[in-house]
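> got a structure for you, letters missing:
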DNA sequence: CATTTGCTGAAAGGATTTTTCACGGGGGAG
DNA sequence: CTCCCCCGTGAAAAATCCTTTCAGCAAATG
């Protein structure tokens, strides 16, 4: 059979359902029955095999084959493919925002929860990306490059972000230190001097310890960069440069979940941008740190998968 | 097999190509061959039957079946349907894969970088969500509920995730402890006993210390839950329950950035699901911990924004 | 070097789809 | 009014396609 290219390939979204609708008048009895079965629940149909569809429409297998051919497909599988493609195309267009914006309720199923949480996480990332001011971002990169040392500060959730930030900066062979409480920051306040950077990370921008730390470093002439969600806050007034995140926390998410993910995204962007700045230097630094990890991994870093499930 | 509706029904546009990409590292020889065949010309693949694909990739029919199953589908037809749906969805969205899949280049502008990084982060989240097996997820929740104590383990990046996880679980008044190196875990190995849970977090699933820790706790009769990106790895073989993430690391992202975000998403989902389980109890626990934070915040937790930039 | 482990593809086995064919109802010609 | 032809229909056979099993073999392990 030399004639390979299927209808699917020719017409990516041929809107099968509409095609069926338009042909409804010219169908025979059994064809109409099949058509109705499909139109009634297209999604369900797309998961049925030919026998099931025949039974469901109270017709026969052969009729389904004929039906598929009548519509211009080479057979049932091809029709089904077209239907699947069609449906997924449609579902991509109409996103069910209402459902997802409502927050978690006691009756939500596990898949509802997963869908809602991930949607809001993904959303936080995208909104943050849109919100980043390129000019500020660029300035921050430049300041980072010039700084001999970078201090990072955050509490709890934001503290993990700070630590993550530190490990990434170190990987780029950039000197950085993360503090996750006020007193340790004060203890080593002397590591930052004029020309260095202090990065404060806080969702609300009102956390007392963070604001206090910012003030202390500012007095020493250290440049203050802030990663925060609030447009206005004590922290914002103190900072020299502010990068805003855009995360909305809902009922069950007061653990600053989405905000933390948005913060991490900012960190990612900053690090990648920094890395790009001195491409060649970075490459080798990355290789170095990766090599170090390999050595430590020792015995079986040459592992190759061998099956099982 | 009473096992519910197919993958296709659950996830209308499960980015199959992305999924394959993310697993490229953990594939066997024949699987890699098949993957390359598909990635090289997905559209063409979507019109092939299993025999053609086997021939085209110079492997065997059985390998293609295994490949499909490895990706989480019930068989080849299901994989093909997912692929078809995926492709038509992409063409509908005018997908610019080349731009985004190419990794960061020295000539990318800052906005390019931001777009690429956030795209891949957001994508990691979405792919992970689509990949989570509800049955396993549910089982894990139940085990968490029953456990008197939960141990969390991860190194570096994954360690931050473990710590974050701990703080969230504690917030839900669930006893949990995070370890970020092998020796501290061994020192307090006795805190977990039969009926408790040990959660290992590792992107590759091959990190020696993590695998060793899993083994030690497993010997004590502790239930092992694993959060990882690889479908197969020493860690996977050891674990009782595996929750897969779906993150692809590109050139400048070897700091396990996207994977860490995917892991955090899983953590979010688990915590929210746990919280929902005992709604009323959680509410008060959350209120409690929030109140505690407020008290500590002390002096100006009543601050109201007043302007500034 | 023996042993285990587990990937691989050929072939058997099972499922699904397509084709063939006989049945039977409806309409037109004799 | 009856016979015959046409054609829609579904059961069953045939073909195709997919899945499972099994033996061989290569790599890793002790």
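The structure has been received and is ready for your questions. These figures come from a predicted structure and were not determined experimentally. Numbers count the residues shown, from 1 in each chain, chains lettered A, B, ... in the order given.

> Tell me the spacing between whichever residue of the stretch 1-150 of chain A sits closest to DNA strand C and DNA strand D.
Closest residue of the stretch 1-150 of chain A to DNA strand C, Cβ to the nearest atom of the strand: residue A:75 (1.8 Å). Every residue, glycine included, has its C-beta placed from N, CA and C. Going from residue A:75 to DNA strand D by Cβ to the nearest atom of the strand, to the nearest Å gives 9 Å.

> which residues touch the nearest residue to that residue once chain neighbours are set aside?
In space, and not counting its chain neighbours, residue A:75 is closest to residue A:68: 5.8 Å by Cβ to Cβ, 6 or more residues apart in numbering or on different chains. Listed by Cβ atoms under 8 Å, 6 or more residues apart in numbering or on different chains, the contact partners of residue A:68 are A:74-76, A:78-79.

> So for whichever strand or helix holds residue A:68, what gets flagged as buried?
Assigned by DSSP states H and E, residue A:68 falls within helix A:61-70. By 16 or more other Cβ atoms under 10 Å in any protein chain shown, the buried positions in helix A:61-70 come out as A:63-68.

> And the next helix or strand past it?
That would be, after helix A:61-70 and using DSSP H and E, helix A:76-93.

> roughly how far out does that following helix sit from the chain middle?
26 Å (Cα atoms, centre = their mean, to the nearest Å).

> Determine the set of other helices and strands touching that helix.
With contacts defined as 3 or more Cβ pairs under 8 Å, 6 or more residues apart in numbering or on different chains; DSSP states H and E, helix A:76-93 has these neighbours: helix A:7-10, helix A:16-23, helix A:42-45, helix A:61-70, helix B:76-92.

> And the residue nearest the centre of chain A?
Compute the mean C-alpha point of chain A, and by Cα atoms, centre = their mean the closest residue is residue A:122, 4.1 Å away.

> residues contacting that one?
Residue A:122 neighbours (Cβ under 8 Å, 6+ apart): B:122, B:125-126.

> Return the member of those residues nearest to residue A:242.
Ranked by distance to residue A:242 (Cβ to Cβ), the contacts of residue A:122 are led by residue B:122 at 22.8 Å.

> Pull out the buried positions in the helix or strand that closest one falls within.
Taking DSSP H and E as the definition, residue B:122 sits inside helix B:110-131. Going by neighbour count (16+ other Cβ under 10 Å), the buried part of helix B:110-131 is B:110, B:112-131.

> swap in stretch A:31-49?
Across stretch A:31-49, burial judged by 16+ other Cβ under 10 Å covers A:31-35, A:37-38, A:42-43, A:45-48.

> so residue A:248 is in which element?
Using DSSP H and E, residue A:248 falls outside every helix and strand.

> isn't it right next to residue A:121, touching?
No. Contact between residue A:248 and residue A:121 fails when scored by Cβ atoms under 8 Å: they sit 10.9 Å apart.

> Name all residues that sit in contact with those two at the same time.
residue A:258.

> about what we covered before: run a quick neighbour tally on the residue of the stretch 1-150 of chain A closest to DNA strand C.
13 (other Cβ atoms under 10 Å in any protein chain shown).

> Next one: the nearest residue to residue A:77 once chain neighbours are set aside from residue B:29, what distance?
Nearest residue to residue A:77, sequence neighbours excluded (Cβ to Cβ, 6+ apart): residue B:77, at 8.0 Å. Distance from residue B:77 to residue B:29, counting by Cβ to Cβ, to the nearest Å: 24 Å.

> Those two: which has the busier surroundings?
residue B:77 (18 against 10).

> Can you give me the pLDDT of that one?
Per-residue pLDDT puts residue B:77 at 93.

> Same question for residue A:157.
Reported pLDDT for residue A:157: 85.

> and it, what helix or strand is that in?
Going by DSSP H and E, residue A:157 is part of helix A:156-171.

> Give me the helices and strands touching that helix, please.
Against helix A:156-171 (3+ Cβ pairs under 8 Å, 6+ apart) you get strand A:150-154, strand A:176-179, strand A:197-202, helix A:257-277, helix A:279-297, helix B:156-171.

> ranking the ones you listed by mean pLDDT, which is last?
With a mean of 49, helix A:279-297 has the lowest mean pLDDT of the helices and strands packed on helix A:156-171.

> Can you confirm whether stretch A:219-228 lies near chain B?
No. In terms of Cβ under 8 Å from any Cβ of the partner chain, no part of stretch A:219-228 sits within range of chain B; the closest distance is 11.0 Å.

> Could you pull out the buried residues of that stretch?
Buried-residue list, stretch A:219-228, by 16+ other Cβ under 10 Å: A:222-228.

> And for residue A:148, the neighbour number?
Neighbours of residue A:148 using other Cβ under 10 Å come to 12.

> cool, residue A:188 as well?
11.

> if I pick it, what's in contact with it?
Contacts of residue A:188 by Cβ under 8 Å, 6+ apart are A:177, A:179.

> Now for chain A, the helix or strand with the poorest mean pLDDT.
Within chain A, no helix or strand scores below helix A:7-10, which has a mean of 36 by mean pLDDT, DSSP states H and E.

> list the contacts for residue A:200?
The contact partners of residue A:200, taken as Cβ under 8 Å, 6+ apart, are A:153-154, A:210, A:213-214, A:224-228, A:235, A:239.

> mind redoing it with 6 Å?
By Cβ atoms under 6 Å, 6 or more residues apart in numbering or on different chains, the contact set of residue A:200 is A:153, A:210, A:214, A:226.

> what's the closest of the residues you listed to residue A:106?
residue A:210 (34.5 Å).

> So what's the residue count around the closest one?
Considering only other Cβ under 10 Å, residue A:210 is surrounded by 29 other residues.

> Hmm, residue A:202 and it touching each other?
Yes. Counting by Cβ atoms under 6 Å, residue A:210 touches residue A:202, with 4.6 Å between them.

> Work out the gap between stretch A:20-35 and the centre of the chain.
43 Å.

> tell me the mean pLDDT over that stretch?
According to the model, stretch A:20-35 has a mean pLDDT of 84.

> now check that stretch, is it near DNA strand D?
Yes. Counting by Cβ under 7 Å from any atom of the strand, DNA strand D has neighbours in stretch A:20-35: A:28-31.

> Now the two most distant members of those.
Farthest-apart pair in these is A:29 and A:31; separation 7.2 Å (Cβ to Cβ).

> Now do the contacts for residue A:120.
Residue A:120 touches residue A:258, counting by Cβ under 6 Å, 6+ apart.

> on that earlier part again, sort out for me which of the buried residues of stretch A:219-228 are in strands.
A:223-228 (DSSP state E).

> And for the residue nearest to residue A:245 when sequence neighbours are not counted, the neighbour number?
Spatially, and ignoring its direct neighbours in sequence, residue A:245 is nearest to residue A:262 (3.7 Å; Cβ to Cβ, 6+ apart). Applying other Cβ under 10 Å, we find 31 residues neighbouring residue A:262.
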